[in-house]
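Asker: Give me a 3D structure for the following:
(2 chains)
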Amino acid sequence: MIFNSLTFLVFFALVLAMHNAPFFSWQQKKINLLLASYLFYAAWNPPFVILLWLSTVVDWWAAQWMVRAKQEHTRKAWMLISVVVNIGMLGYFKYGGFLLDNFVQLAASLGVNYQPPKWDIVLPVGISFYTFATLSYTLDVYLRRAKPAQHFLDYALFVTFFPHLVAGPIMRPTELVPQFANTRRATAHQLFFGLSLMILGLFQKVVLADGFLGPVVEKVYDAHEGVPMALDAWVATLAFSGQIFCDFAGYSTTAIGVAMCLGFAMPDNFRFPYAAIGFSDFWRRWHITLSSWLRDYLYIPLGGNRHGPARTYTALMGTMLLGGLWHGAAWTFVVWGGLHGTYLAVERWLRSRFAGWRPGPAAIIGLGLLTYVLINITWVFFRAKTFPHAASMLQSMAGLAVKPIPMIALLPMIYAMVIVGGIVGTHWWMRDKTLEIAIERTPAWLVGGLLAVMSVAVVAEQGKGSAFIYFQF
Amino acid sequence: MPLSISSSERSDPTPRGVVQKEGALPAGLRLTASDRPGQAQPVPTRDVPSQPWGMIMLGVVAGLLIGTVALEVNARENIGLHAGDIDNSEVSWTNEKLRAAGAPAAIVGDSRILFDTDLNRFEALTGVRPIQLAIHGTSALTLLENMADDKDFKGVLIVGLADTMFFQPFDGYGGYVHKFKEYRSPYRIASNEIDHVLQRRLAFLDSNYRLSVVAHRLDPDFRPGVEGPMDDIWKLQEVGEHRQTWMWDRVEYDPAWRARTRWAWKGFKEKFPFTPELIAKGQGRAKAAVDKIRSRGGDVVFIRPPSAPELRVNEEAQVPKEKGWDVLLRNTHSIGIHIDELPAARGLTLPEWSHLSRRCATVFTDIYVRRLTELTPRFKLRADAPPPLSRADCVSA
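Answerer: Next comes the predicted model:
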């Protein structure tokens, strides 16, 4: 189920009540949470719970046998079994159709007319997220960064804990498993602050992303005919930058709030990314748990920056290309990752070339704006369904479209730009703060007033359960 | 001092690489995984800002209650919405689709047959309550094919159509019928049920009056050349249990609303290239679907509900009756009831030119169902059927 659904409200109220019920022991409460998490996942498509079990069981035993192994190659074999099972599962469900399509096209280019049966496999929701979470468990054990969990229940709950299960933050075992060791129950303040985070997250998702930004993006990106004017193309792309942030950060904030209401801590997944100065800074602020996962389990093992510039740039580009592919089984996502890889490589080269340069305030603002604009260029490939469509959008954005037409009405355009301006402005204001510090420095009446307005706005928007964009990944 | 859920609560020995206790940084920053490369990540720190949270939450709850009451009062008093008006969701359609399996009759089509059929009247006349599967803005052909593919349906399918929409080469709004399974996930079904429970009691829960929809409608086509919210069809219908749909009463009593809707139809003047090939293709698809239903013992009848002369003239110009309707009946060997051949149903009220008023929908249902009972033995007029209705029952003199 999804957070912005009435089913979740009922589900969460029941889970919260059971978690705080005095007659359950901690062990029973963990079992309750585990069952609730399976229910949360099964509410989407019950048979896919089997995949969760498979992933859970394989990685549990792989880690157990890894620890017991006397020889290094045995440890490595268990690690590889875990990797193959998880990546195999991900590959089959997520990339099977994509690989088959590309194979057919390759065969056609060689003059072979191969017509395979239609690949009609449904993508299990959140598979990319829980696969990475559970993989980090076996990899951390293999790399001797972490000990295997002592209890199967704690480990199974780590994999399936519903707040992070389908769209992250991608948690590491060392972040969550220790939290299951002792009784967890939110204090009144934690509960209220957790609820506040849920209101903020749902406001971002339901009101801003789905209500005000999504329709503006769709008007241009999903238009059936005509090419947009430069203004429309830019507004739609900027609106998408706001939509995807509000959608995904909204989910993460809600997830963190849900966990906090239950007494658990989850890591930050976003740190005001549109105030980034440069692309390495951006990736320290955007989808932090994914970028750090890719860094720790892909970039560093590929050599990182320890083997000279050529290897570093290769590792960087390889990581970002795969990171792009992680987002979706399409070449447009690969190009999106490739563009980010290129940005990072260029930035790295410039940093080494101008190592002594310290930018002044004006240069910092200029670099921040440049970063934001270039990130928006990458969003075109992220949002467009095909390369011709992406090319057409970029052409429009460059003012080179032939016979462009206006597509977005004035008022929706103004709303979108005010919201995006507000998001970017807030990110700059919050650049060196946490949300908690900002709230602490705000008068209580204003905090309460804003939360009340946001909650009424969520009710008035009547979110009908549009799925989060990142669920498809 | 902020409260926190922190890494200091670890109970097991710290493995290699874990950063020991770290709280919020003095400057207000907090370390994240991006600051700890190549190491196991510790239990996160989550601060709770120092605020009177109890008072704040009390204020939020009070604000939420006041806001919700204000929304409800506004919906009932200013907008004219009613409790019990249920959103016609995709899940609701799939619920009815499941009910159609084994049902003696079902209705598919666009908004005209959806609005213009009173299911209660149908049942009172024949003892059969058809399953309502018509979807606004959708080609009846799409839905006819959908039912043809449903092996469990062996009853009579009543296909209501507007000629132009029937022969258009795209599904229209109801394209979601191809994603039936997607809408049958347990959480969607449960959410739909909860939604309906609330909508039976609260008027403001209407997707036509979501905050963003209302905000966007404030744009009176400021920007030339753009199809803005003013060009959309705003709220037109009310929906009851099992998708019984009728015209929203405001369309009938508010001249401005009525005029706006008529304007939004733009007279159905937008010419789509209904080439002979396109129409022939539609005829072929229809025949295949009808044959499929008949091959398993079912049957198909066609209904062409009324539209006002202001629209009809443009519909006829695009798909003439003799090329569309007449050929359709001939090709499929079907019986059909066309408004032109139903004199008793002429002159009924079409407030916004495309759909009948609520009372006239009942009259139209009465007239076409009685005619159906004459044309097909599949429907029989009950002995205790209510007396016939006429134009005088819904159109004031």
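Asker: how far is stretch B:315-328 from where the chain is centred?
Answerer: Mean C-alpha position of stretch B:315-328 versus that of the full chain (C-alpha atoms, centre = their mean, to the nearest Å) differs by 26 Å.
Asker: what do you get for stretch A:201-218?
Answerer: 17 Å.
Asker: Take it, keep the C-alpha atoms, and write them as CSV.
Answerer: Output in CSV follows, covering the C-alpha atoms of stretch A:201-218 (Å, rounded to 0.1, in the frame of the first residue of the first chain):
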residue,chain,number,x,y,z
GLY,A,201,5.8,14.6,3.7
LEU,A,202,2.2,14.0,2.6
PHE,A,203,1.8,17.8,1.9
GLN,A,204,4.9,17.6,-0.4
LYS,A,205,3.5,14.5,-2.2
VAL,A,206,-0.2,15.0,-2.3
VAL,A,207,-0.5,18.8,-2.6
LEU,A,208,2.7,20.0,-4.3
ALA,A,209,3.8,17.1,-6.4
ASP,A,210,0.5,15.5,-7.4
GLY,A,211,-1.8,18.5,-7.2
PHE,A,212,0.1,21.5,-8.5
LEU,A,213,3.3,20.4,-10.3
GLY,A,214,2.3,17.0,-11.9
PRO,A,215,-0.4,18.5,-14.1
VAL,A,216,1.9,21.2,-15.4
VAL,A,217,4.6,18.6,-16.3
GLU,A,218,2.0,16.3,-17.9
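Asker: buried ones in that stretch?
Answerer: In terms of neighbour count (16 or more other C-beta atoms under 10 Å in any protein chain shown), stretch A:201-218 has its buried residues at A:201-217. Where you see a C-beta, it was placed from the backbone N, CA and C, and this is true even at glycine.
Asker: now do stretch B:185-195
Answerer: Across stretch B:185-195, burial judged by 16+ other C-beta under 10 Å covers B:Ser185, B:Tyr187, B:Arg188, B:Ile189, B:Ala190, B:Ser191, B:Asn192, B:Asp195.
Asker: export those residues to JSON lines and tack on secondary structure?
Answerer: JSON lines is the format used below for these (DSSP: H, G, I helix; E, B strand; the rest coil):
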{"residue": "B:Ser185", "secondary structure": "coil"}
{"residue": "B:Tyr187", "secondary structure": "helix"}
{"residue": "B:Arg188", "secondary structure": "helix"}
{"residue": "B:Ile189", "secondary structure": "helix"}
{"residue": "B:Ala190", "secondary structure": "helix"}
{"residue": "B:Ser191", "secondary structure": "helix"}
{"residue": "B:Asn192", "secondary structure": "helix"}
{"residue": "B:Asp195", "secondary structure": "helix"}
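Asker: would you list the residues you listed in TSV and tack on distance to A:Leu6 and pLDDT?
Answerer: Putting the buried residues of stretch B:185-195 into TSV (distance: C-beta to C-beta, whole Å; pLDDT from 0 to 100) gives the following:
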residue	distance to A:Leu6	pLDDT
B:Ser185	14	88
B:Tyr187	9	88
B:Arg188	10	89
B:Ile189	11	91
B:Ala190	8	90
B:Ser191	5	89
B:Asn192	9	90
B:Asp195	6	90
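Asker: list the contacts for the closest residue to chain B within chain A?
Answerer: With distances taken as C-beta to the nearest C-beta, chain A approaches chain B most closely at A:Ala452, which sits 2.7 Å away. Going by C-beta atoms under 8 Å, 6 or more residues apart in numbering or on different chains, A:Ala452 touches B:Gly59, B:Val60, B:Ala62, B:Gly63, B:Leu64, B:Gly67.
Asker: Highest neighbour count among these?
Answerer: For these, neighbours were counted using other C-beta atoms under 10 Å in any protein chain shown, and B:Val60 has the most, 24 neighbours in all.
Asker: residue contacts, that residue?
Answerer: A:Ser196, A:Ile199, A:Gly448, A:Leu451, A:Ala452, A:Ser455.
Asker: Go through these and give me the one with the most neighbours.
Answerer: When neighbours are counted by other C-beta under 10 Å, A:Ser196 leads the contacts of B:Val60 with 28 neighbours.
Asker: A:Asn20 versus that residue, what's the distance?
Answerer: When C-beta to C-beta, to the nearest Å is applied, the distance between A:Ser196 and A:Asn20 equals 18 Å.
Asker: just A:Leu33 next, same as before
Answerer: 12 Å.
Asker: okay, these two: which has more neighbours?
Answerer: Ranked by neighbour count (other C-beta under 10 Å), A:Leu33 and A:Asn20 place A:Leu33 first, with 23 against 15.
Asker: Let me know the pLDDT of the residue of the stretch 51-200 of chain B found nearest chain A.
Answerer: Taking C-beta to the nearest C-beta, chain A has its nearest neighbour within the stretch 51-200 of chain B at B:Gly63, 2.7 Å off. pLDDT, the model's per-residue confidence, is 96 for B:Gly63.
Asker: do the same with B:Gln41
Answerer: At B:Gln41 the predicted local confidence, pLDDT, stands at 87.
Asker: And the one 4 residues further on, by the same measure?
Answerer: The pLDDT attached to B:Thr45 in the predicted structure is 85.
Asker: now do A:Tyr313
Answerer: Turning to A:Tyr313, the model gives it a pLDDT of 89.
Asker: need the contact list for A:Ile364.
Answerer: Applying C-beta under 8 Å, 6+ apart, the residues near A:Ile364 are A:Ile277.
Asker: Okay, and it sits in which element?
Answerer: In this structure, A:Ile364 sits in helix A:361-383 according to DSSP states H and E.
Asker: Now that helix: buried residues?
Answerer: Neighbour counts over helix A:361-383 (16+ other C-beta under 10 Å) mark A:367-368, A:371-372, A:374-383 as buried.
Asker: can you check stretch A:338-350 too?
Answerer: Neighbour-count burial for stretch A:338-350, with 16+ other C-beta under 10 Å as criterion, is recorded at A:Gly338, A:Leu339, A:His340, A:Gly341, A:Thr342, A:Tyr343, A:Leu344, A:Ala345, A:Glu347, A:Arg348.
Asker: that older thread, could you dump the contacts of A:Ala452 into a markdown table and include secondary structure?
Answerer: Below are those laid out as a markdown table (three-state DSSP):
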| residue | secondary structure |
| --- | --- |
| B:Gly59 | helix |
| B:Val60 | helix |
| B:Ala62 | helix |
| B:Gly63 | helix |
| B:Leu64 | helix |
| B:Gly67 | helix |
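Asker: show me what contacts B:Glu96?
Answerer: Neighbouring residues of B:Glu96 by C-beta under 8 Å, 6+ apart: B:Ile131, B:Gln132, B:Leu133, B:His242, B:Arg243.
Asker: Parallel or antiparallel, list what pairs with whichever strand or helix holds B:Val159.
Answerer: B:Val159 is part of strand B:156-160, with elements assigned from DSSP H and E. According to DSSP bridges, strand B:156-160 forms sheet pairs with strand B:105-109 (parallel), strand B:299-304 (parallel).
Asker: Confirm that A:Leu52 sits in a strand.
Answerer: No - the secondary structure assignment for A:Leu52 gives helix rather than a strand, going by three-state DSSP.
Asker: separation between it and B:Thr94?
Answerer: Note on A:Leu52: its distance to B:Thr94, by C-beta to C-beta, is 26 Å.
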